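Student: Need the 3D shape of this:
(one chain, ligands or ions: 1)
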Amino acid sequence: MSKRNNHKAKKLHPPKGKKQHRSGGKTITAEVTCTGFTNEGKGIAEWKGQKLEVPYLLPGEKAEVHVSQKGKFVNAELKRVIDASQDRVEAPCPYYYDCGGCQLQHMSNPAQARFKQQYMEKLMKPFGKPEPIYTMDHPYDYRNKNVMTYGLNQKRQVIGGLYAQNTHEIFDMEECLIHDPKADEIANSIKDYMRKSKMQPYNEDTRRGFLRHVLIKVGKVSGEIMVVLVAASPEFKGKNNFIKAMRKAHPEITTMLLNVNKRDTSVVLGNQENVLFGKGTITDTLCGLEFEISAKSFYQINPVQTERLYAKAIEMAELTGKETVIDAYCGIGTIGLVASKQAGKVIGVEVNKDAVKDAVRNSKRNGVKNARFYQGDAGEFMVDMAARKEKADVVIMDPPRSGSDEAFLSSVVKLKPERVVYVSCNPETQARDLKYLTKNGYKVEGIQPVDMFPQTYHVESVVKLVRK
Ligand SMILES: C[S@@+](CC[C@H](N)C(=O)[O-])C[C@H]1O[C@@H](n2cnc3c(N)ncnc32)[C@H](O)[C@@H]1O
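Tutor: You can find the predicted model right below:
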(Lines give C-alpha, C1' and ligand atoms only; values in the text may rest on other atoms or scores of the structure.)
Protein backbone atom coordinates (compact mmCIF):
# COMPACT_ATOMS: atom_id res chain seq x y z
CA MET A 1 0.00 0.00 0.00
CA SER A 2 1.24 3.46 -0.77
CA LYS A 3 2.75 5.13 2.27
CA ARG A 4 1.43 8.38 0.86
CA ASN A 5 -2.08 7.29 1.83
CA ASN A 6 -0.88 6.02 5.15
CA HIS A 7 0.74 9.08 6.67
CA LYS A 8 1.07 7.50 10.10
CA ALA A 9 4.39 5.93 10.95
CA LYS A 10 4.14 3.36 13.70
CA LYS A 11 6.93 4.56 15.93
CA LEU A 12 7.36 7.82 17.76
CA HIS A 13 11.07 7.34 18.38
CA PRO A 14 13.96 5.98 16.32
CA PRO A 15 13.18 2.33 15.69
CA LYS A 16 14.94 -0.26 17.79
CA GLY A 17 17.59 -2.27 16.01
CA LYS A 18 18.61 0.71 13.92
CA LYS A 19 22.37 1.15 13.68
CA GLN A 20 23.40 3.52 16.47
CA HIS A 21 26.62 4.95 17.96
CA ARG A 22 28.47 5.48 14.72
CA SER A 23 31.33 7.43 16.30
CA GLY A 24 32.92 4.35 17.90
CA GLY A 25 34.31 4.65 21.43
CA LYS A 26 32.52 3.71 24.65
CA THR A 27 28.78 4.30 24.69
CA ILE A 28 26.79 5.23 27.78
CA THR A 29 23.15 6.16 28.27
CA ALA A 30 22.47 9.59 29.74
CA GLU A 31 19.34 11.51 30.66
CA VAL A 32 19.28 15.02 29.22
CA THR A 33 16.94 17.97 28.75
CA CYS A 34 16.86 19.79 25.44
CA THR A 35 17.41 23.54 25.63
CA GLY A 36 17.36 24.64 22.00
CA PHE A 37 18.05 23.92 18.36
CA THR A 38 21.10 23.86 16.12
CA ASN A 39 20.64 25.54 12.74
CA GLU A 40 20.08 22.07 11.27
CA GLY A 41 17.15 21.38 13.63
CA LYS A 42 19.01 19.05 16.00
CA GLY A 43 18.23 19.38 19.71
CA ILE A 44 20.86 20.95 21.97
CA ALA A 45 21.48 19.48 25.41
CA GLU A 46 24.27 19.51 27.96
CA TRP A 47 26.06 16.47 29.30
CA LYS A 48 28.94 16.69 31.79
CA GLY A 49 29.54 20.30 30.78
CA GLN A 50 29.70 19.40 27.10
CA LYS A 51 27.28 20.52 24.41
CA LEU A 52 25.43 17.65 22.76
CA GLU A 53 23.68 17.86 19.41
CA VAL A 54 20.89 15.28 19.39
CA PRO A 55 19.01 14.62 16.15
CA TYR A 56 15.20 14.36 16.56
CA LEU A 57 15.12 15.93 20.04
CA LEU A 58 12.92 18.98 20.60
CA PRO A 59 13.37 21.91 23.01
CA GLY A 60 11.85 21.24 26.44
CA GLU A 61 11.99 17.47 26.00
CA LYS A 62 13.58 15.17 28.52
CA ALA A 63 15.13 12.09 26.95
CA GLU A 64 17.55 9.22 27.23
CA VAL A 65 20.38 9.51 24.77
CA HIS A 66 23.24 7.26 23.80
CA VAL A 67 26.48 9.19 24.14
CA SER A 68 29.76 7.96 22.79
CA GLN A 69 33.05 9.75 22.98
CA LYS A 70 36.16 9.22 20.93
CA GLY A 71 38.89 11.74 21.71
CA LYS A 72 37.30 15.17 21.53
CA PHE A 73 34.43 13.93 19.37
CA VAL A 74 31.16 13.34 21.20
CA ASN A 75 28.27 11.69 19.39
CA ALA A 76 24.74 11.66 20.76
CA GLU A 77 21.76 9.70 19.50
CA LEU A 78 18.22 9.70 20.77
CA LYS A 79 17.26 6.51 22.56
CA ARG A 80 13.91 7.34 24.16
CA VAL A 81 11.87 10.47 24.75
CA ILE A 82 10.75 10.63 28.39
CA ASP A 83 8.70 13.86 28.29
CA ALA A 84 7.55 14.66 24.75
CA SER A 85 7.02 18.20 23.47
CA GLN A 86 3.61 19.24 22.17
CA ASP A 87 5.39 19.98 18.91
CA ARG A 88 6.33 16.31 18.44
CA VAL A 89 4.42 14.31 15.83
CA GLU A 90 4.84 10.85 14.41
CA ALA A 91 7.06 11.14 11.37
CA PRO A 92 4.85 10.13 8.44
CA CYS A 93 7.70 8.57 6.47
CA PRO A 94 8.67 5.07 7.62
CA TYR A 95 12.25 5.66 6.38
CA TYR A 96 12.65 8.95 8.23
CA TYR A 97 15.08 7.88 10.96
CA ASP A 98 17.42 6.15 8.51
CA CYS A 99 17.28 8.28 5.41
CA GLY A 100 18.52 11.70 6.50
CA GLY A 101 17.04 13.56 3.52
CA CYS A 102 14.47 15.20 5.82
CA GLN A 103 15.37 16.40 9.30
CA LEU A 104 12.12 17.89 10.67
CA GLN A 105 9.37 15.32 10.11
CA HIS A 106 9.12 14.70 13.86
CA MET A 107 8.03 18.35 14.24
CA SER A 108 4.48 19.53 13.55
CA ASN A 109 4.15 21.85 10.55
CA PRO A 110 3.52 24.97 12.72
CA ALA A 111 6.57 24.03 14.81
CA GLN A 112 8.69 23.72 11.65
CA ALA A 113 7.56 27.20 10.64
CA ARG A 114 8.44 28.59 14.09
CA PHE A 115 11.84 26.90 14.00
CA LYS A 116 12.62 28.44 10.60
CA GLN A 117 11.27 31.84 11.62
CA GLN A 118 13.41 31.90 14.78
CA TYR A 119 16.46 30.78 12.82
CA MET A 120 15.94 33.63 10.34
CA GLU A 121 15.28 36.19 13.08
CA LYS A 122 18.53 35.27 14.82
CA LEU A 123 20.58 35.23 11.63
CA MET A 124 19.12 38.43 10.20
CA LYS A 125 19.14 40.40 13.47
CA PRO A 126 21.83 42.85 12.29
CA PHE A 127 19.72 43.71 9.23
CA GLY A 128 16.08 43.76 10.36
CA LYS A 129 13.10 41.65 11.32
CA PRO A 130 11.99 39.03 8.76
CA GLU A 131 8.34 38.88 7.69
CA PRO A 132 6.44 35.72 8.68
CA ILE A 133 7.67 32.78 6.60
CA TYR A 134 5.56 31.67 3.61
CA THR A 135 4.47 28.13 4.52
CA MET A 136 2.81 25.47 2.34
CA ASP A 137 -0.71 24.14 2.83
CA HIS A 138 0.34 20.67 1.67
CA PRO A 139 4.04 20.39 2.59
CA TYR A 140 4.60 17.05 0.80
CA ASP A 141 4.98 15.82 -2.81
CA TYR A 142 6.49 19.17 -3.72
CA ARG A 143 9.79 18.26 -5.38
CA ASN A 144 9.83 18.34 -9.17
CA LYS A 145 13.29 16.79 -9.38
CA ASN A 146 14.91 13.83 -7.73
CA VAL A 147 17.97 11.67 -8.11
CA MET A 148 17.89 7.97 -7.28
CA THR A 149 21.02 5.87 -6.96
CA TYR A 150 21.18 2.17 -7.73
CA GLY A 151 23.38 -0.62 -6.37
CA LEU A 152 23.39 -4.21 -5.10
CA ASN A 153 22.63 -5.33 -1.57
CA GLN A 154 24.47 -8.14 0.22
CA LYS A 155 22.24 -10.69 -1.50
CA ARG A 156 23.30 -9.09 -4.81
CA GLN A 157 19.78 -7.93 -5.43
CA VAL A 158 19.33 -4.57 -7.14
CA ILE A 159 18.35 -1.78 -4.76
CA GLY A 160 17.59 1.86 -5.48
CA GLY A 161 17.03 4.92 -3.38
CA LEU A 162 18.90 7.71 -1.63
CA TYR A 163 22.15 7.58 0.29
CA ALA A 164 21.57 6.63 3.96
CA GLN A 165 22.23 9.32 6.52
CA ASN A 166 25.90 10.38 6.75
CA THR A 167 27.02 7.54 4.50
CA HIS A 168 27.66 6.64 0.90
CA GLU A 169 25.54 3.52 1.29
CA ILE A 170 22.43 3.25 -0.84
CA PHE A 171 19.27 3.10 1.16
CA ASP A 172 16.61 1.05 -0.67
CA MET A 173 13.25 2.81 -0.76
CA GLU A 174 10.08 2.80 -2.78
CA GLU A 175 8.70 6.18 -1.97
CA CYS A 176 9.73 9.55 -0.67
CA LEU A 177 6.94 11.74 0.66
CA ILE A 178 8.46 14.97 -0.63
CA HIS A 179 9.09 13.61 -4.15
CA ASP A 180 6.60 13.78 -6.95
CA PRO A 181 4.68 10.46 -6.71
CA LYS A 182 4.99 9.79 -10.47
CA ALA A 183 8.76 10.16 -10.27
CA ASP A 184 8.93 7.51 -7.56
CA GLU A 185 6.77 5.16 -9.62
CA ILE A 186 9.18 5.51 -12.55
CA ALA A 187 12.23 4.98 -10.32
CA ASN A 188 10.63 1.79 -8.97
CA SER A 189 9.87 0.53 -12.47
CA ILE A 190 13.53 0.99 -13.39
CA LYS A 191 14.55 -0.98 -10.29
CA ASP A 192 12.12 -3.78 -11.19
CA TYR A 193 13.38 -3.81 -14.76
CA MET A 194 16.98 -4.12 -13.57
CA ARG A 195 16.04 -7.02 -11.29
CA LYS A 196 14.56 -8.89 -14.23
CA SER A 197 17.18 -7.99 -16.84
CA LYS A 198 20.96 -7.96 -17.14
CA MET A 199 21.16 -4.20 -16.59
CA GLN A 200 23.67 -3.82 -13.76
CA PRO A 201 24.06 -0.96 -11.32
CA TYR A 202 27.48 0.70 -11.19
CA ASN A 203 29.76 -0.16 -8.29
CA GLU A 204 31.88 2.77 -7.11
CA ASP A 205 34.52 0.50 -5.55
CA THR A 206 35.04 -1.99 -8.36
CA ARG A 207 34.17 0.64 -10.98
CA ARG A 208 32.15 -1.98 -12.84
CA GLY A 209 28.53 -2.01 -13.89
CA PHE A 210 26.41 0.42 -15.88
CA LEU A 211 23.73 2.51 -14.17
CA ARG A 212 24.86 5.04 -11.54
CA HIS A 213 21.82 7.25 -11.00
CA VAL A 214 18.48 8.19 -12.46
CA LEU A 215 17.53 11.85 -12.52
CA ILE A 216 13.83 12.55 -12.97
CA LYS A 217 12.41 16.00 -13.68
CA VAL A 218 8.68 16.59 -13.67
CA GLY A 219 6.83 19.55 -15.15
CA LYS A 220 4.25 19.90 -12.38
CA VAL A 221 1.91 21.97 -14.56
CA SER A 222 2.61 20.49 -17.99
CA GLY A 223 2.84 16.88 -16.80
CA GLU A 224 5.94 16.39 -18.99
CA ILE A 225 8.57 14.08 -17.50
CA MET A 226 12.27 13.75 -18.26
CA VAL A 227 14.21 10.65 -17.26
CA VAL A 228 18.01 10.85 -17.36
CA LEU A 229 19.94 7.61 -16.98
CA VAL A 230 23.37 8.43 -15.63
CA ALA A 231 25.67 5.63 -16.71
CA ALA A 232 29.36 4.86 -16.40
CA SER A 233 29.60 4.00 -20.09
CA PRO A 234 28.00 5.21 -23.35
CA GLU A 235 27.46 1.56 -24.38
CA PHE A 236 23.89 0.84 -23.43
CA LYS A 237 23.29 -2.88 -24.01
CA GLY A 238 19.59 -3.68 -24.31
CA LYS A 239 18.78 -0.02 -24.89
CA ASN A 240 15.82 -0.62 -27.20
CA ASN A 241 14.16 -3.14 -24.90
CA PHE A 242 14.58 -0.84 -21.93
CA ILE A 243 13.10 2.14 -23.75
CA LYS A 244 10.21 0.08 -25.04
CA ALA A 245 9.41 -1.28 -21.57
CA MET A 246 9.58 2.14 -19.91
CA ARG A 247 7.44 3.86 -22.55
CA LYS A 248 4.84 1.14 -22.23
CA ALA A 249 4.76 1.28 -18.42
CA HIS A 250 4.98 5.10 -18.28
CA PRO A 251 3.57 6.86 -21.34
CA GLU A 252 3.87 10.06 -19.28
CA ILE A 253 7.66 10.06 -19.86
CA THR A 254 8.07 12.61 -22.62
CA THR A 255 11.84 12.41 -23.02
CA MET A 256 14.70 10.17 -21.97
CA LEU A 257 18.43 10.84 -22.03
CA LEU A 258 21.61 8.92 -21.40
CA ASN A 259 24.18 10.95 -19.51
CA VAL A 260 27.67 9.47 -19.30
CA ASN A 261 29.61 10.05 -16.12
CA LYS A 262 32.88 8.09 -15.99
CA ARG A 263 34.41 10.19 -13.23
CA ASP A 264 35.09 9.11 -9.67
CA THR A 265 32.94 11.86 -8.23
CA SER A 266 29.86 12.61 -6.17
CA VAL A 267 28.70 15.05 -8.88
CA VAL A 268 25.72 13.29 -10.46
CA LEU A 269 25.85 14.37 -14.11
CA GLY A 270 28.74 13.94 -16.52
CA ASN A 271 29.38 16.06 -19.61
CA GLN A 272 28.30 13.66 -22.36
CA GLU A 273 24.59 13.49 -23.07
CA ASN A 274 22.59 11.56 -25.71
CA VAL A 275 18.87 11.90 -26.22
CA LEU A 276 17.26 8.45 -26.28
CA PHE A 277 13.83 9.74 -27.29
CA GLY A 278 11.80 12.95 -27.19
CA LYS A 279 13.19 16.45 -27.46
CA GLY A 280 15.76 16.17 -24.65
CA THR A 281 14.09 18.89 -22.57
CA ILE A 282 10.79 19.34 -20.74
CA THR A 283 8.61 22.41 -20.69
CA ASP A 284 6.73 23.70 -17.68
CA THR A 285 4.64 26.74 -16.81
CA LEU A 286 5.67 29.05 -13.99
CA CYS A 287 4.17 32.47 -13.18
CA GLY A 288 2.15 32.29 -16.42
CA LEU A 289 5.20 31.78 -18.69
CA GLU A 290 6.46 28.63 -20.38
CA PHE A 291 9.97 27.43 -19.65
CA GLU A 292 12.03 24.84 -21.44
CA ILE A 293 14.36 23.01 -19.05
CA SER A 294 17.44 20.95 -19.98
CA ALA A 295 18.83 18.09 -17.93
CA LYS A 296 21.77 20.11 -16.60
CA SER A 297 19.95 23.40 -16.05
CA PHE A 298 18.82 24.61 -12.66
CA TYR A 299 15.08 24.96 -12.11
CA GLN A 300 13.62 25.70 -8.66
CA ILE A 301 12.51 22.39 -7.12
CA ASN A 302 9.27 23.61 -5.50
CA PRO A 303 7.18 25.45 -8.11
CA VAL A 304 4.30 26.33 -5.74
CA GLN A 305 6.62 28.25 -3.43
CA THR A 306 8.72 29.57 -6.33
CA GLU A 307 5.74 31.51 -7.66
CA ARG A 308 5.38 33.22 -4.28
CA LEU A 309 9.13 33.79 -4.02
CA TYR A 310 9.35 35.38 -7.46
CA ALA A 311 6.26 37.52 -6.85
CA LYS A 312 7.88 38.87 -3.68
CA ALA A 313 11.25 39.41 -5.39
CA ILE A 314 9.59 41.37 -8.20
CA GLU A 315 7.51 43.39 -5.74
CA MET A 316 10.75 44.25 -3.89
CA ALA A 317 12.32 45.35 -7.19
CA GLU A 318 9.65 48.12 -7.46
CA LEU A 319 9.66 48.12 -11.24
CA THR A 320 7.89 50.89 -13.17
CA GLY A 321 8.56 49.70 -16.72
CA LYS A 322 11.70 51.80 -17.30
CA GLU A 323 14.42 50.08 -15.31
CA THR A 324 17.44 48.17 -16.50
CA VAL A 325 17.37 44.98 -14.45
CA ILE A 326 20.26 42.57 -14.05
CA ASP A 327 19.17 38.99 -13.41
CA ALA A 328 22.39 37.58 -12.02
CA TYR A 329 22.84 33.80 -11.68
CA CYS A 330 19.74 33.61 -13.88
CA GLY A 331 19.53 29.86 -14.63
CA ILE A 332 17.02 29.36 -17.47
CA GLY A 333 15.94 32.99 -17.19
CA THR A 334 12.89 32.50 -14.99
CA ILE A 335 13.06 35.53 -12.69
CA GLY A 336 14.23 37.92 -15.41
CA LEU A 337 11.59 36.83 -17.91
CA VAL A 338 8.81 37.08 -15.33
CA ALA A 339 10.10 40.55 -14.38
CA SER A 340 10.55 41.65 -18.02
CA LYS A 341 6.91 42.72 -18.40
CA GLN A 342 7.46 45.38 -15.76
CA ALA A 343 11.01 46.40 -16.74
CA GLY A 344 12.68 48.52 -19.42
CA LYS A 345 15.19 45.79 -20.17
CA VAL A 346 16.59 42.67 -18.55
CA ILE A 347 20.19 41.45 -18.72
CA GLY A 348 20.71 37.89 -17.52
CA VAL A 349 24.02 36.23 -16.73
CA GLU A 350 24.60 32.57 -15.96
CA VAL A 351 27.63 30.27 -16.00
CA ASN A 352 25.90 27.07 -17.20
CA LYS A 353 25.88 26.94 -21.02
CA ASP A 354 22.80 24.73 -21.28
CA ALA A 355 20.85 26.99 -18.94
CA VAL A 356 21.76 30.06 -21.04
CA LYS A 357 20.57 28.29 -24.20
CA ASP A 358 17.32 27.51 -22.36
CA ALA A 359 17.00 31.15 -21.27
CA VAL A 360 17.40 32.41 -24.85
CA ARG A 361 14.84 29.86 -26.08
CA ASN A 362 12.50 30.77 -23.23
CA SER A 363 12.72 34.44 -24.08
CA LYS A 364 11.64 33.70 -27.68
CA ARG A 365 9.02 31.20 -26.63
CA ASN A 366 7.31 33.81 -24.46
CA GLY A 367 7.69 36.63 -26.98
CA VAL A 368 9.91 38.64 -24.65
CA LYS A 369 11.74 41.32 -26.65
CA ASN A 370 13.55 43.21 -23.90
CA ALA A 371 15.73 40.48 -22.37
CA ARG A 372 19.31 39.40 -23.26
CA PHE A 373 21.17 36.49 -21.71
CA TYR A 374 24.93 36.05 -21.45
CA GLN A 375 27.02 33.06 -20.51
CA GLY A 376 29.81 33.61 -18.02
CA ASP A 377 30.82 34.10 -14.44
CA ALA A 378 28.48 36.62 -12.82
CA GLY A 379 31.36 38.27 -10.90
CA GLU A 380 33.46 38.78 -14.05
CA PHE A 381 30.42 40.02 -15.95
CA MET A 382 29.69 42.63 -13.30
CA VAL A 383 33.34 43.71 -13.12
CA ASP A 384 33.22 44.34 -16.90
CA MET A 385 29.95 46.20 -16.63
CA ALA A 386 31.35 48.41 -13.86
CA ALA A 387 34.54 49.04 -15.87
CA ARG A 388 32.44 50.14 -18.85
CA LYS A 389 30.41 52.35 -16.49
CA GLU A 390 27.20 50.76 -17.66
CA LYS A 391 23.93 51.54 -15.95
CA ALA A 392 21.76 49.21 -13.88
CA ASP A 393 18.78 50.31 -11.84
CA VAL A 394 17.99 47.02 -10.16
CA VAL A 395 20.10 43.93 -9.55
CA ILE A 396 18.25 40.72 -8.78
CA MET A 397 20.73 38.11 -7.67
CA ASP A 398 20.16 34.43 -6.89
CA PRO A 399 23.55 32.78 -6.38
CA PRO A 400 24.18 29.11 -5.49
CA ARG A 401 24.46 27.94 -1.87
CA SER A 402 28.02 29.24 -1.59
CA GLY A 403 26.69 32.76 -2.09
CA SER A 404 28.24 35.52 -4.17
CA ASP A 405 31.83 36.76 -4.26
CA GLU A 406 33.68 39.98 -3.71
CA ALA A 407 34.18 40.61 -7.44
CA PHE A 408 30.41 40.56 -7.89
CA LEU A 409 29.52 42.50 -4.74
CA SER A 410 32.16 45.20 -5.21
CA SER A 411 30.95 45.70 -8.79
CA VAL A 412 27.36 46.06 -7.57
CA VAL A 413 28.62 48.81 -5.27
CA LYS A 414 30.35 50.51 -8.23
CA LEU A 415 27.31 50.18 -10.51
CA LYS A 416 25.14 51.77 -7.82
CA PRO A 417 21.74 50.22 -8.65
CA GLU A 418 18.93 51.80 -6.63
CA ARG A 419 17.77 48.40 -5.44
CA VAL A 420 19.31 44.97 -4.97
CA VAL A 421 17.00 42.00 -4.49
CA TYR A 422 18.96 39.09 -3.07
CA VAL A 423 17.34 35.62 -3.39
CA SER A 424 19.11 32.79 -1.58
CA CYS A 425 18.72 29.13 -0.68
CA ASN A 426 21.39 29.55 1.99
CA PRO A 427 20.67 32.43 4.38
CA GLU A 428 24.08 31.94 6.07
CA THR A 429 26.01 33.00 2.96
CA GLN A 430 23.30 35.57 2.22
CA ALA A 431 23.89 37.15 5.66
CA ARG A 432 27.64 37.21 4.95
CA ASP A 433 27.05 39.03 1.65
CA LEU A 434 24.51 41.40 3.23
CA LYS A 435 27.21 42.42 5.68
CA TYR A 436 29.36 43.51 2.76
CA LEU A 437 26.57 45.37 0.98
CA THR A 438 25.33 47.13 4.12
CA LYS A 439 28.89 48.30 4.87
CA ASN A 440 29.17 49.63 1.34
CA GLY A 441 26.24 51.90 0.72
CA TYR A 442 23.11 49.73 1.03
CA LYS A 443 20.51 49.18 3.72
CA VAL A 444 18.09 46.28 4.14
CA GLU A 445 14.43 47.21 3.71
CA GLY A 446 12.70 43.83 3.73
CA ILE A 447 13.37 40.17 4.50
CA GLN A 448 10.99 37.43 3.39
CA PRO A 449 11.68 33.81 4.38
CA VAL A 450 10.02 31.17 2.20
CA ASP A 451 9.55 27.53 3.17
CA MET A 452 10.74 26.09 -0.10
CA PHE A 453 11.93 22.81 1.43
CA PRO A 454 9.34 21.62 4.00
CA GLN A 455 10.37 18.71 6.27
CA THR A 456 14.02 19.73 5.90
CA TYR A 457 15.87 22.44 7.83
CA HIS A 458 16.60 24.45 4.69
CA VAL A 459 15.09 27.92 4.21
CA GLU A 460 14.86 30.16 1.15
CA SER A 461 15.11 33.89 1.74
CA VAL A 462 14.64 37.04 -0.31
CA VAL A 463 16.00 40.37 0.88
CA LYS A 464 15.44 43.88 -0.45
CA LEU A 465 18.34 46.34 -0.26
CA VAL A 466 18.17 49.99 -1.23
CA ARG A 467 20.91 52.56 -1.70
CA LYS A 468 21.42 54.72 1.41
C1 LIG B 1 20.08 29.07 -7.14
S2 LIG B 1 20.27 28.94 -8.87
C3 LIG B 1 19.19 30.24 -9.41
C4 LIG B 1 18.75 30.17 -10.83
C5 LIG B 1 17.56 31.04 -11.19
N6 LIG B 1 17.70 32.38 -10.70
C7 LIG B 1 16.26 30.42 -10.75
O8 LIG B 1 15.55 30.99 -9.91
O9 LIG B 1 15.92 29.35 -11.26
C10 LIG B 1 21.88 29.56 -9.09
C11 LIG B 1 22.36 29.59 -10.51
O12 LIG B 1 23.65 30.21 -10.52
C13 LIG B 1 24.45 29.57 -11.50
N14 LIG B 1 25.84 29.89 -11.15
C15 LIG B 1 26.64 29.28 -10.24
N16 LIG B 1 27.81 29.92 -10.16
C17 LIG B 1 27.77 30.96 -11.03
C18 LIG B 1 28.68 31.97 -11.38
N19 LIG B 1 29.87 32.07 -10.82
N20 LIG B 1 28.29 32.88 -12.30
C21 LIG B 1 27.07 32.81 -12.89
N22 LIG B 1 26.17 31.85 -12.59
C23 LIG B 1 26.51 30.94 -11.67
C24 LIG B 1 24.03 28.12 -11.42
O25 LIG B 1 24.37 27.44 -12.60
C26 LIG B 1 22.53 28.24 -11.19
O27 LIG B 1 21.83 28.25 -12.41
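
Student: Farthest from the middle of this protein: give me that residue.
Tutor: Lys48 (37.0 Å; CA atoms, centre = their mean).

Student: Phi and psi next, for it.
Tutor: phi 50, psi 40 (degrees, to the nearest 10).

Student: Tell me the confidence at it?
Tutor: Note for Lys48: predicted pLDDT of 89.

Student: Then Val260?
Tutor: 96.

Student: which ones are touching the residue lying closest to it once chain neighbours are set aside?
Tutor: Distances taken as CB to CB, 6 or more residues apart in numbering place Gln272 nearest to Val260, at 4.0 Å, with adjacent residues excluded. In short, each C-beta sits where N, CA and C put it, glycine included. Listed by CB atoms under 8 Å, 6 or more residues apart in numbering, the contact set of Gln272 reads Pro234, Asn259, Val260.

Student: so, if you compare those residues, which one comes nearest to Ser85?
Tutor: Closest to Ser85 out of those is Asn259 (44.5 Å), distances taken as CB to CB.

Student: Tell me, how many residues neighbour the closest residue to Pro399 other than its chain neighbours?
Tutor: Using CB to CB, 6+ apart and skipping the chain neighbours, the partner closest in space to Pro399 is Tyr329 (4.7 Å). Tyr329: 22 surrounding residues under other CB atoms under 10 Å.

Student: Same check on Lys26?
Tutor: 9.

Student: which residues does it bridge with?
Tutor: Gln69 (DSSP bridges).

Student: Tell me how far it lies from Lys72.
Tutor: Between Lys26 and Lys72 the computed distance is 14 Å (CB to CB, to the nearest Å).

Student: List the contacts of whatever residue of the chain ends up closest to the ligand.
Tutor: Closest residue of the chain to the ligand, CB to the nearest ligand atom: Gly331 (2.9 Å). Gly331 sits next to Ser297, Phe298, Tyr299, Glu350, Asn352, Ala355, Ala359, Asp398 when contact means CB under 8 Å, 6+ apart.

Student: again, but for Asn188
Tutor: Asn188 is in contact with Gly160, Glu174, counting by CB under 8 Å, 6+ apart.

Student: And the pLDDT for it?
Tutor: Taking Asn188 on its own, its pLDDT is 96.

Student: what about it, helix or strand, and which?
Tutor: Following DSSP states H and E, the helix or strand that holds Asn188 is helix 181-196.

Student: Tell me the buried residues in that helix?
Tutor: Residues of helix 181-196 classed as buried by neighbour count (16 or more other CB atoms under 10 Å): Lys182, Ala183, Asp184, Glu185, Ile186, Ala187, Asn188, Ser189, Ile190, Lys191, Tyr193, Met194.

Student: what do you get for stretch 321-341?
Tutor: Result for stretch 321-341 [16+ other CB under 10 Å]: buried residues 323-341.

Student: any idea of the mean pLDDT for it?
Tutor: Taken as a whole, stretch 321-341 carries a mean pLDDT of 98.

Student: Check stretch 106-116 too.
Tutor: pLDDT averaged over stretch 106-116 gives 97.

Student: quick one: Val463 is in a strand?
Tutor: Yes: checked against DSSP: H, G, I helix; E, B strand; the rest coil, Val463 lies within a strand.

Student: how near is it to Ser424?
Tutor: 8 Å.

Student: Same drill for the two, tell me which one is more crowded.
Tutor: Val463 (28 against 23).

Student: Would you enumerate the residues in contact with the nearest residue to that one once chain neighbours are set aside?
Tutor: Spatially, and ignoring its direct neighbours in sequence, Val463 is nearest to Tyr422 (4.6 Å; CB to CB, 6+ apart). Residues near Tyr422 by CB under 8 Å, 6+ apart: Met397, Asp398, Gln430, Asp433, Leu434, Leu437, Val462, Val463, Leu465.

Student: Now with 7 Å, please.
Tutor: Met397, Gln430, Asp433, Leu434, Val462, Val463, Leu465 (CB atoms under 7 Å, 6 or more residues apart in numbering).

Student: Then Asp358 would be within a strand, right?
Tutor: No: the assignment for Asp358, made by three-state DSSP, is helix rather than a strand.

Student: if I pick the residue lying closest to it once chain neighbours are set aside, what's in contact with it?
Tutor: Computed as CB to CB, 6+ apart, the closest residue to Asp358 that is not its neighbour in sequence is Ile332, at 3.9 Å. Ile332 makes contact with Phe291, Ile293, Ser297, Tyr299, Ala355, Asp358, Ala359, Asn362, according to CB under 7 Å, 6+ apart.

Student: separation between the last one and Gly331?
Tutor: Plainly put, Asn362 is 10 Å away from Gly331 if you go by CB to CB.

Student: now do the third one
Tutor: Spatial separation of Ser297 from Gly331 under the definition CB to CB is 6 Å.

Student: so what sits against both of these two?
Tutor: Counting by CB under 7 Å, 6+ apart, the residues touching both Ser297 and Gly331 are Ala355.
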